[in-house]
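In: missing the sequence, but the structure's below:
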């Protein structure tokens, strides 16, 4: 009876899981006019900002199409060019504030240029602070990528580095504030590139541009154009002139260039830091939970205030002021969002400036002003002395804020707006989303966005209508053309829009389709060597895989993993043991409240194959029962009846206990060691990217992919930190991610 109930429960969760994980690009509201102009609305599930809707316009005759609404997934303002820029899934667009004209940039693939929309991580684009140079990633046919530089003034494209892995989980490059240099990564090794050398046509070969440092998370530019790099407890400071020193390319360079010694070792996988403009103070955030300001000029190296964060809060932004004060935006937690200040004075501590629904913090680079973005406004503060805002700009859905030559630009989820210096709205630069669209009886293109109606004026500009709009009924047949939607399977699009020529027999796709998912299936069924054992799904029905995360003791990376899974819309399974539950009660509770499945990893972590331990059925039953109790005490909920042993140890006693307690033992068809206890060359000898690529080569339909959470004793790289890379590469191969219980049900378990 219990097995039957379990089966029904699995069926229910499977249906729910598959529904919840539907992450496709959806199209709706097609319309065509007598001129053969087609309107179509796309709903795009962005990994960085969530789902947004974009209005597409195109021609039935040429099948060319373009995005008319521009959602600012990423945005910049370049003072030297008086230019506002937006980068999203549809392309890169620039607005000249002096001339009031939009143009689409051609240095990245674009939707209007024929590139299909992709559900993968958006290709990295790093603009130089002066706006002249675009540093972007180009993906090659051989599965590698290249880092390319585009000079917008000269219209020159230069390949900086090629043959790179398609791992975009970390920044590819970081520009110096003066736009004269950038550092970039090849694997984990850091290289430099000089714009002066480029402009004088004397670029050294790449091997001569190697810095001798590793991990781009360890490197930070200061506002005074010094590059700082932390290696364990040593902080190095490098002036741009030193990039030309031959000694820079070898290890001995580091021996005489230490700027300071830190009281704690820096771990790039878990820690972050920033430094003030003069290099006198560093803010170090350990494990995303303990923040401290460390004065670098003091020989005693005693740390100034420490800021402790709860497990459900995080530092989302930080800015050093020219006076050496530090502003921190902290989101989440019982205290809700708050802005904290460390004023840099001796003996001072962090104090709260503002509290409330704070969505963003922007600091003026050349002055002491800062802006706080709220749900329905932007507050501008002239300094840190007064808690009250000096200017409040009504603005809904703000994402970014920029100081311009004579005012401000607010970039938002509803629209991007240009404001005068007194806060008066001057112009809607672009619409970010489309809630409804169509043609008026007079033939005008109209859009409703955030409750307001706008008329399209061409060249991506809009005029606000002072009345409710009247739309003629949408048409699917006009003049020489008929349009209709057709459902798709095996594609990242839910439908395609077909354009039929009424006078002939030709039917075409209005939007270029992405590559169909490959059909590579093996005629193999689930092994059922034991009725309570499951180690992979079906090989012959679709291309599905599932993700499993093991929580042993440490929890570093868990919050980041949950965020990645949420962005991709993936339901996973977490196996927790008693050590993890006791050490991380809040994260355990958070997992119990999530849509993910939580199973048992026994009560403690040890090697059951060690002959010094006596493992029998009674011991196993007690260990499982204790873990159930610990989880219930921590969460008030019951664990799922899924489990596996430490190190996936398996013998007859384990299977007998599974049967007796009606637990399903979950194995894996991809055994690997992402948490080694010994590395021959010590820390740095474990290559997470190499491990990820080796794992990806072994994946098959039905595979159970396992990753271990938390810090390891001998590692400085972790496979779980490459989760976006693993997901992207599997999506490229046509795999979909389903819940473990859904996989069990699909395999007839």
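Out: Nice, I can see it. Since the structure is predicted, the reported quantities are computational estimates derived from the model, not experimental observations. Numbers count the residues shown, from 1 in each chain.

In: Okay, the residue nearest to residue 336 when sequence neighbours are not counted and residue 180: tell me how far apart.
Out: Counting by C-beta to C-beta, 6 or more residues apart in numbering, residue 355 is the residue found nearest to residue 336 once chain neighbours are left out, at 6.3 Å. Glycine gets a C-beta too; all of them are placed from N, C-alpha and C. For residue 355, the distance to residue 180 (C-beta to C-beta, to the nearest Å) stands at 40 Å.

In: Which one of these two is surrounded by more residues?
Out: Neighbours per residue, other C-beta atoms under 10 Å: of residue 355 and residue 180, the larger number sits with residue 180, 18 against 14.

In: Residue 481: what's its closest spatial neighbour, skipping adjacent residues?
Out: Residue 481 sits nearest to residue 60 (C-beta to C-beta, 6+ apart), 4.2 Å away.

In: show me the contacts for the one you found.
Out: Taking C-beta atoms under 8 Å, 6 or more residues apart in numbering, we find residue 60 in contact with 32, 36, 37, 38, 480, 481, 483, 499, 510.

In: and the gap between the last one and residue 26?
Out: What that stands for is residue 510. Using C-beta to C-beta, residue 510 is found at 15 Å from residue 26.

In: Looking at these two now, which is surrounded by more residues?
Out: Remark: of residue 510 and residue 26, residue 510 carries more neighbours, 22 against 15, as counted by other C-beta under 10 Å.

In: Would you mind confirming that the more buried one is in contact with residue 483?
Out: Yes. With contact defined as C-beta atoms under 8 Å, residue 510 and residue 483 form a contacting pair (7.0 Å).

In: coming back round to it: dihedrals phi and psi, the residue nearest to residue 336?
Out: When read as degrees, to the nearest 10, the backbone of residue 355 gives phi -130, psi 150.

In: Likewise for the one 5 residues further on?
Out: As for residue 360, its main-chain torsions (degrees, to the nearest 10) stand at phi -170, psi 160.

In: just checking, it touches residue 397?
Out: No. Applying C-beta under 8 Å, one finds residue 360 not in contact with residue 397, separated by 11.1 Å.

In: can you map out the strands along the stretch 501-650 of the chain?
Out: With DSSP state E, counting those that start in this stretch, the ranges of strands along the stretch 501-650 of the chain come out as 507-509, 533-534, 544-551, 573-576, 597-600, 642-643.

In: re earlier: next one: the residue nearest to residue 481 from residue 36, what distance?
Out: Going from residue 60 to residue 36 by C-beta to C-beta gives 4 Å.

In: Ok, residue 463 next?
Out: Using C-beta to C-beta, we find residue 463 at a distance of 24 Å from residue 36.

In: what about these two, which has more around it?
Out: residue 36 (16 against 12).

In: follow-up on the earlier one: list residues touching both of residue 60 and residue 36?
Out: Shared contacts of residue 60 and residue 36, defined by C-beta under 8 Å, 6+ apart, are found at 480, 481.

In: shared neighbours, residue 510 and residue 483?
Out: 38, 60, 497, 498, 499.

In: Select only the buried ones of those residues in PyMOL?
Out: Here is the PyMOL command that selects the buried residues among the shared contacts of residue 510 and residue 483 (16 or more other C-beta atoms under 10 Å):
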select buried, resi 38+60+497+499
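
In: Please flag which of the shared contacts of residue 510 and residue 483 sit within strands.
Out: Counting by DSSP state E, the shared contacts of residue 510 and residue 483 place 38, 497, 498, 499 in strands.

In: Tell me how many other residues crowd residue 195.
Out: Using other C-beta under 10 Å, residue 195 has 20 other residues around it.

In: I'd assumed residue 176 was in contact with it.
Out: No. In this structure, residue 195 is not within contact of residue 176 by C-beta under 8 Å, at 9.2 Å.

In: contacting residues around the nearest residue to residue 406 once chain neighbours are set aside?
Out: Excluding the flanking residues, the one nearest residue 406 by C-beta to C-beta, 6+ apart is residue 421, at 6.0 Å. By C-beta under 8 Å, 6+ apart, the contact set of residue 421 is 406, 407, 408.

In: Which among the residues you listed count as buried?
Out: By neighbour count, with 16+ other C-beta under 10 Å, the contacts of residue 421 hold 407, 408 as buried.

In: Going by distance to residue 384, which of the contacts of residue 421 wins?
Out: Nearest to residue 384 out of the contacts of residue 421 is residue 408 (C-beta to C-beta; 19.5 Å).

In: What separation do you get for that closest one and residue 426?
Out: With the distance defined as C-beta to C-beta, residue 408 ends up 10 Å from residue 426.

In: what is in contact with the two at once?
Out: Common neighbours of residue 408 and residue 426, using C-beta under 8 Å, 6+ apart, are 418, 419.

In: before we move on, the earlier item: can you redo the ones in strands among the shared contacts of residue 510 and residue 483 as JSON lines with distance to residue 689?
Out: Formatted as JSON lines, those follow (distance: C-beta to C-beta, whole Å):
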{"residue": "38", "distance to residue 689": "43"}
{"residue": "497", "distance to residue 689": "39"}
{"residue": "498", "distance to residue 689": "42"}
{"residue": "499", "distance to residue 689": "44"}
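
In: which of these lies closest to residue 619?
Out: residue 497 (62.1 Å).

In: For residue 728, pull up the helix or strand it's in.
Out: Taking DSSP states H and E as the criterion, residue 728 maps to helix 723-732.

In: which residues does the nearest residue to residue 474 once chain neighbours are set aside form a beta bridge with?
Out: Excluding its sequence neighbours, the residue lying closest to residue 474 (C-beta to C-beta, 6+ apart) is residue 31, at 4.2 Å. Going by DSSP bridges, residue 31 is paired in beta bridges with residue 39.

In: Go ahead and confirm residue 31 touches residue 39.
Out: Yes. Between residue 31 and residue 39 there is a contact under C-beta under 8 Å: 4.4 Å.

In: what touches both of these two?
Out: Shared contacts of residue 31 and residue 39 (C-beta under 8 Å, 6+ apart): 437, 438, 439.

In: Dump these into JSON lines; add distance to residue 125 and neighbour count as well.
Out: Listed next are those as JSON lines, based on distance: C-beta to C-beta, whole Å; neighbours: other C-beta atoms under 10 Å:
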{"residue": "437", "distance to residue 125": "28", "neighbour count": "26"}
{"residue": "438", "distance to residue 125": "33", "neighbour count": "20"}
{"residue": "439", "distance to residue 125": "34", "neighbour count": "21"}
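
In: Please list the members of the residues you listed that lie in strands.
Out: The strands in this structure, assigned by DSSP E, contain 437, 438, 439 from those.

In: Which SSE is immediately downstream of the helix holding residue 728?
Out: Sequence-wise, the next helix or strand downstream of helix 723-732 (DSSP H and E) is strand 736-737.

In: Which strands and helices lie in contact with that following strand?
Out: Strand 736-737 is packed against strand 544-551, with contacts defined by 3 or more C-beta pairs under 8 Å, 6 or more residues apart in numbering; DSSP states H and E.

In: Can you tell me which of the shared contacts of residue 510 and residue 483 is nearest residue 153?
Out: When these are ranked by distance to residue 153 (C-beta to C-beta), residue 38 comes first, at 36.5 Å.
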